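Peer 1: From the sequence below, what's the structure:
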Amino acid sequence: MSDSRISSLFALEPLKTVDTSALHTFLASNKKEFNRFFPITLRQNETIQASENYILNKSEQIKLKTEFTFALKTNNTVLGLLILKKLNWELKRGEIAYCIDKNYQGRGWITRAVKEITSFAFKDLGLKSLEIIVSKQNKASIRVAEKSGYKWTKTLLKAHTPPNEEPLDMELYEKSNEK
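Peer 2: Numbers count the residues shown, from 1 in each chain. Got it, this is the predicted structure:
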């Protein structure tokens, strides 16, 4: 993926160490919203130093092609994360996870970014299928998956356990590379 994509409103690019403070601020200011579905990411960014280490780790994962983490940014401010993860190179399959700042929801930015990551995964990485796993209660995330061309496949029983909660059923959306 080129260094920066999407539009004049925002960019989608790999995290860099210059993003350390912006990443930390983004996650800290959305902690309540992200705690349920991004608790590990939050834990990995509890301090500025931890955020720098997170970025260095994510940069290494991109080099090794084990995971791709991108920042959704505007004016050098991190507004969201898109993560291409659980890559299975034998099956040519992966999963996309995403989150956006509560103040920037509803603008279509995540949908556009998911479409871009999907294109990158299919065209540049040669993946054959991708999945998005969402909570049935997260109507906005379901709309992102559907608007990005992903189709509901099935309910995954007890697929995610948020901190201090019982396991939740999750909805699986999938998209295959048409080629």
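Peer 1: Strands of the chain, start to end?
Peer 2: Taking DSSP state E as the criterion, the chain contains strands spanning 5-6, 11-14, 68-74, 77-88, 93-100, 129-134, 151-160, 168-176.
Peer 1: Mean confidence (pLDDT) on the longest one, please.
Peer 2: Per-residue pLDDT values over strand 77-88 give a mean of 96.
Peer 1: if we compare the strands of the chain, which one ends up closest to Leu23?
Peer 2: strand 77-88 (5.0 Å; Cβ to Cβ). To be clear about C-beta, it is placed using only N, CA and C from the backbone, and glycine gets the same treatment.
Peer 1: For Lys175, give me the pLDDT.
Peer 2: Here the pLDDT value assigned to Lys175 is 98.
Peer 1: same thing with Ser8?
Peer 2: 60.
Peer 1: Please produce CSV containing the strands of the chain, extended by mean neighbour count and distance to Leu27.
Peer 2: Below are the strands of the chain laid out as CSV (neighbours: other Cβ atoms under 10 Å; distance: least, Cβ to Cβ, whole Å):
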stretch, mean neighbour count, distance to Leu27
strand 5-6, 18, 21
strand 11-14, 19, 17
strand 68-74, 22, 11
strand 77-88, 19, 8
strand 93-100, 21, 9
strand 129-134, 21, 20
strand 151-160, 12, 19
strand 168-176, 18, 21
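Peer 1: Distance to Phe26 added to those strands, as CSV?
Peer 2: Output for the strands of the chain, formatted as CSV (distance: least, Cβ to Cβ, whole Å):
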stretch, distance to Phe26
strand 5-6, 17
strand 11-14, 14
strand 68-74, 8
strand 77-88, 4
strand 93-100, 9
strand 129-134, 21
strand 151-160, 22
strand 168-176, 24
